[in-house]
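**Q** My questions concern the predicted model and sequence given below.
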Amino acid sequence: AATSVLSTSRPAGSTAAMAPAASEMALVNSNTIVVSVRQRGNPVLNAIRNVQWQFGPTSADYLISENACALFLSLRYHLLHPDYLLGRLKDLSHPLPLRLVLLLVDSDDSERPIIEVTRTAMLHECTLLLAWSAQEVARYLETFKAYAKKPADLIKERSDGTFLTSLSECLTTIRPLNRTDVATLHASFGSLHNIMHASE
């Protein structure tokens, strides 16, 4: 992983002019995740292996692409500082289509705090992703970076469009049925209507 440090143009601690500056977006390229200096020492950085990253000026913790950024939060840290996430979301300057909150679930007392974090993320139009290890957080970042420029069709399920394929997709959601059973039903009854109205 690349770990070069880029100097920031803002004074430390300054939140003024936190709009996604052209300099921030200029750092985003097809191969690199821009990481906030706030994340220095985070074990997630050591777990990122499949994409390059570099420190740079960003109000998010991770600037993944021109369309996606992420904030990182440890549940244990949230329990100690419950207002931290709200403050970070208010300071988040990126009006990007995909804004993620990556929550590391590292506490046994997790149900109520996860609900709180979910509510906060939703109110600020962010998508919440839960992870149970630093490696899992790193895999999320790598995956979002890998698919940043890919069209949505690439991850859509492909279907050959035949009636039997559609019937199989529909009926195999019923637990005891498999594709062989669906093919037998189709051969015996011919249509979903006939299957549903069969007396056997």
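**A** Cool, got the structure.

**Q** Mean pLDDT per helix and strand in the chain: which one sits at the bottom?
**A** Ranked by mean pLDDT, DSSP states H and E, the weakest helix or strand in the chain is helix 22-27, scoring a mean of 53.

**Q** Now do the helices in the protein.
**A** 22-27, 43-47, 75-80, 84-91, 111-123, 134-146, 163-171, 179-189, 192-196 (DSSP state H).

**Q** Indicate which one of those is closest to Leu102.
**A** Among the helices of the chain, the nearest to Leu102 by Cβ to Cβ is helix 134-146 (5.2 Å). C-beta here means a position set from N, CA and C on the backbone, and glycine is covered the same way.

**Q** Which positions in that closest one come out as buried?
**A** 134, 136-142, 144-145 (16 or more other Cβ atoms under 10 Å).

**Q** re earlier: just say which of the helices of the chain is most tucked in.
**A** Counting by mean count of other Cβ atoms under 10 Å, helix 134-146 has the highest mean neighbour count of these, with a mean of 19.

**Q** so how far is that helix off the chain centroid?
**A** With Cα atoms, centre = their mean, to the nearest Å as the basis, helix 134-146 stands 8 Å off its chain's centre.

**Q** next one: stretch 82-92
**A** Between the centre of stretch 82-92 and the centre of its host chain there is 19 Å, according to Cα atoms, centre = their mean.

**Q** In this structure Leu177 contacts Leu167, no?
**A** No - Leu177 lies out of contact with Leu167 (Cβ atoms under 8 Å); the separation is 10.5 Å.

**Q** Present the buried residues of helix 134-146 as TSV; the columns should include pLDDT.
**A** Formatted as TSV, the buried residues of helix 134-146 follow (pLDDT from 0 to 100):
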residue	pLDDT
Ala134	95
Glu136	96
Val137	95
Ala138	95
Arg139	95
Tyr140	95
Leu141	94
Glu142	94
Phe144	90
Lys145	92
